[in-house]
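Peer 1: need a 3D model of the sequence below.
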Amino acid sequence: MKNSVILHFLFLMIISLATLSAAETKPNIAVIDLTGAGLSADDLQTLSNRLRTELFETQKFIVVERGQMEVILKEQGFQQTGCTDAACAVEAGQLLNVEFIVLGSIDKIGRVYSVNLRSVSVKSGEISKSIKLDFIDKDIEEIMLTGIRNAALQLAGLKEQEDASITARLRGRKVVKYKGISNSPVGSLNIIVNPSDAEIVIDDSLYGKGSIVIDYIPSGAHKILIRREGYRKLRQKIEVIENQETPLNITLIERTPFSITVGTTLFFRRTELNQELKYSGIGVNSSDTIRLNLDYKSDLPFAPLMSIGWDDGRDYFGISGYYFPGITRDLKKTNAVNDTFYLETNAKVYGALFDYAHLFRIIPGILTFGPGVSGGFIKRENGVTLKGAALSAAGVSYAPVNPESFGSKFGYWGGPTLNLKVGYKHLYFVITDRVLLGIKEQLSEQSSSADGQSDNSGQSKFSFENTLSAGLQFKF
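Peer 2: Below you'll find the model as predicted:
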């Protein structure tokens, strides 16, 4: 009794293992090279090979490789060419010792591709499955990527996949066809970029943003451009290998937003002096006087500047320094009776301003324009200084009675700006129109400003002045 139970248990285990083994067995299948009209022999062979690969990837069949098929059939004297019916397919299947054999055609008529495939049972000689797929306004690449895949899925009894699923399956990234003309052997280019939203340009054609696989790209050299705002552009050539996937990993380097600007600033407010200078005699002639009606208008003052700044997107932050000790110029004046007077001009500028500007991209990367504001302090002096004694027409020296200096002092704390920048990459020409707000102080009692109004020495009043800065900006 006990032995009977053991034997029964062993019998059940053997039956279970046999069942599992049978369930896991995959049928052998072979594919006879596809025929067709309107396609080249090379295209038909490529599509036949693709069908074998897609059948294998369904994991439902054991697929006989094309090379192995050719060896076996050649040894038996069997020709694949012209094998288009079920009887011929069965004969080939018996020679290959497979359970199923696939044959069929892919034809192109006008705008339509027609895929017709049949799976024949070698044992029974019957057609086990027949597949018919039509594609309108598609290219041969889409037939291979989509049509052959879906035909293989139908032959395996699986559900067809949409284009998006097939794209996701191919290396997990966006897959696109090369946009140029391909008359040579092709490969594929697998580009991985960092940052992940960098733009990819190949042979002057934009392929979008992010990592991408370019299929059917001609073998040989190609120009690659990877770019993203805030990063340095990368240009290089890549050699694509025939029938292989060429990898390309690119990491862009962040652009340093630091810049230096060197230029000059022109101040538009001049100083006008309209007054009488009085000189008295020296020694025995102390009671004598000579006079000069001074009529002086200063040149347009300017000052060199240097700015250090940085960009944060459309915003610019910087600090500008101004320093100009002034170019002194000797003036020699005479009055109606030929008395001679000696003066010297002065025009000093120094200070610093913090700058902010919000720039709009008129032409991205080339031309920007926008408003801003500045704050800090700039001091400017403009006027004349009496230079020693005057000489009468008779050659007698006379000492000045007036204060030593005449003119104006300006103290500015900043104001609104308009900014224009034009250039490319690392070199830009920068123009800033700046309105400076502050105070004006007269250096002498009798001097007058450009508007003809007299001011008392030491008194201050509100003042503003327009300036124009221009310079070269070097970006790093």
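
Peer 1: quick one: the nearest residue to Lys129 once chain neighbours are set aside and Leu55, what's the gap?
Peer 2: Using Cβ to Cβ, 6 or more residues apart in numbering and skipping residues adjacent in sequence, the residue nearest Lys129 is Ser119, 4.3 Å away. Placement of C-beta: from N, CA and C, glycine included. As for Ser119, its distance to Leu55 is 10 Å (criterion: Cβ to Cβ, to the nearest Å).

Peer 1: okay, Gly172: pLDDT?
Peer 2: pLDDT recorded at Gly172 is 50.

Peer 1: which stretches in the chain count as helices?
Peer 2: 2-24, 41-57, 66-75, 86-96, 140-142, 148-155, 163-169 (DSSP state H).

Peer 1: for the chain, what helix or strand is lowest in average pLDDT?
Peer 2: The weakest-scoring helix or strand in the chain, judged by mean pLDDT, DSSP states H and E, is helix 163-169 (a mean of 38).

Peer 1: re the thing from before, tell me the pLDDT at the residue nearest to Lys129?
Peer 2: Value listed for Ser119 in the pLDDT field: 90.

Peer 1: show me the beta-bridge partners of it.
Peer 2: Val102, Lys129 (DSSP bridges).

Peer 1: let me see the contact set for it.
Peer 2: 29, 100-102, 127-131, 155 (Cβ atoms under 8 Å, 6 or more residues apart in numbering).

Peer 1: can you pick out the most distant pair from these?
Peer 2: Ile29 and Ser130 (15.3 Å; Cβ to Cβ).

Peer 1: neighbour count winner among those two?
Peer 2: Using other Cβ atoms under 10 Å as the criterion, Ile29 and Ser130 rank with Ile29 on top: 24 against 13.

Peer 1: roughly how far does Ser188 sit from Lys174?
Peer 2: Counting by Cβ to Cβ, the gap from Ser188 to Lys174 is 13 Å.

Peer 1: which neighbours do the two share?
Peer 2: Val213.

Peer 1: how close does Met337 get to Leu95?
Peer 2: Just so we're on the same page, residue 337 is Val rather than Met. Counting by Cβ to Cβ - Val337 and Leu95 are separated by 133 Å.

Peer 1: these two - which one has more neighbours?
Peer 2: More crowded of Val337 and Leu95, by other Cβ under 10 Å: Leu95, with 17 against 10.

Peer 1: where does pLDDT dip in this protein?
Peer 2: 1-24, 82, 159-173, 182-183, 284-285, 443-459 (pLDDT under 70).

Peer 1: which residue packs closest to Gly220, ignoring adjacent ones?
Peer 2: Using Cβ to Cβ, 6+ apart, the nearest residue to Gly220 is Val240, at 6.3 Å.

Peer 1: enumerate every residue touching that neighbour.
Peer 2: Val240 touches 187-189, 217-222, 246, counting by Cβ under 8 Å, 6+ apart.

Peer 1: now Asn419
Peer 2: Applying Cβ under 8 Å, 6+ apart, the residues near Asn419 are 316, 357, 359, 368-372, 430-433.

Peer 1: redo that, cut-off 7 Å
Peer 2: Applying Cβ atoms under 7 Å, 6 or more residues apart in numbering to Asn419 gives the contacts 357, 359, 369-370, 372, 432.

Peer 1: just the residues you listed: which are in strands?
Peer 2: 357, 369-370, 372, 432 (DSSP state E).

Peer 1: Ile148: neighbouring residues, count only.
Peer 2: Neighbour tally, Ile148, other Cβ under 10 Å: 25.

Peer 1: for the remainder of this discussion, apply numbering that starts at 43.
Peer 2: That works, and once the first residue is 43, the last one we named lands at Ile190.

Peer 1: re earlier: in TSV: the ones in strands among the contacts of Asn461, plus distance to Met186 and neighbour count.
Peer 2: Converted to TSV, the ones in strands among the contacts of Asn461 look like this (distance: Cβ to Cβ, whole Å; neighbours: other Cβ atoms under 10 Å):
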residue	distance to Met186	neighbour count
Ala399	54	24
Phe411	51	16
Gly412	52	18
Gly414	57	19
Thr474	59	24
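
Peer 1: returning to what we had before: just give me the closest of the contacts of Asn461 to Pro367.
Peer 2: Using Cβ to Cβ, the contacts of Asn461 come closest to Pro367 at Thr474, 22.8 Å.

Peer 1: can you pull the contacts of the closest one?
Peer 2: 459, 461, 511.

Peer 1: export those to a markdown table and tack on distance to Leu428?
Peer 2: Listed next are those as a markdown table, based on distance: Cβ to Cβ, whole Å:
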| residue | distance to Leu428 |
| --- | --- |
| Thr459 | 38 |
| Asn461 | 42 |
| Ser511 | 33 |
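
Peer 1: ok, those residues vs Lys275, which is closest?
Peer 2: Using Cβ to Cβ, these come closest to Lys275 at Asn461, 24.6 Å.

Peer 1: just give the closest residue to that closest one, not the sequence neighbours.
Peer 2: Ala399 (4.5 Å).

Peer 1: contacting residues around the one you found?
Peer 2: With Cβ under 7 Å, 6+ apart, Ala399 has these contacts: 358, 412, 414, 459, 461.

Peer 1: what about Val162, how many residues close to it?
Peer 2: 25.

Peer 1: correct me, but it touches Asp127?
Peer 2: No - using Cβ atoms under 7 Å, Val162 is not in contact with Asp127; the gap is 9.2 Å.

Peer 1: let me see the domain layout of this structure.
Peer 2: Domain ranges of the chain: 44-211, 216-293, 300-517, per automatic domain parsing.

Peer 1: list the contacts for Ile185?
Peer 2: Ile185 touches 155, 177, counting by Cβ under 7 Å, 6+ apart.

Peer 1: any idea how far it is from Phe98?
Peer 2: 19 Å.

Peer 1: one more: Ser166?
Peer 2: 24 Å.

Peer 1: tell me which of those two has more neighbours.
Peer 2: Between Ser166 and Phe98, Phe98 has the larger neighbour count (other Cβ under 10 Å), namely 15 against 9.

Peer 1: tell me what the nearest residue to the more buried one once chain neighbours are set aside is bridged to.
Peer 2: With sequence-adjacent residues excluded and distances taken as Cβ to Cβ, 6+ apart, Phe98 is closest to Val105, at 4.5 Å. For Val105, the beta-bridge partners under DSSP bridges are Ile71.

Peer 1: just Thr293 next, same as before
Peer 2: Under the criterion used (DSSP bridges), Thr293 bridges to Asn236.

Peer 1: cool, Tyr466 as well?
Peer 2: Leu469.

Peer 1: if you tally nearby residues, what's the number for Asn335?
Peer 2: 11.
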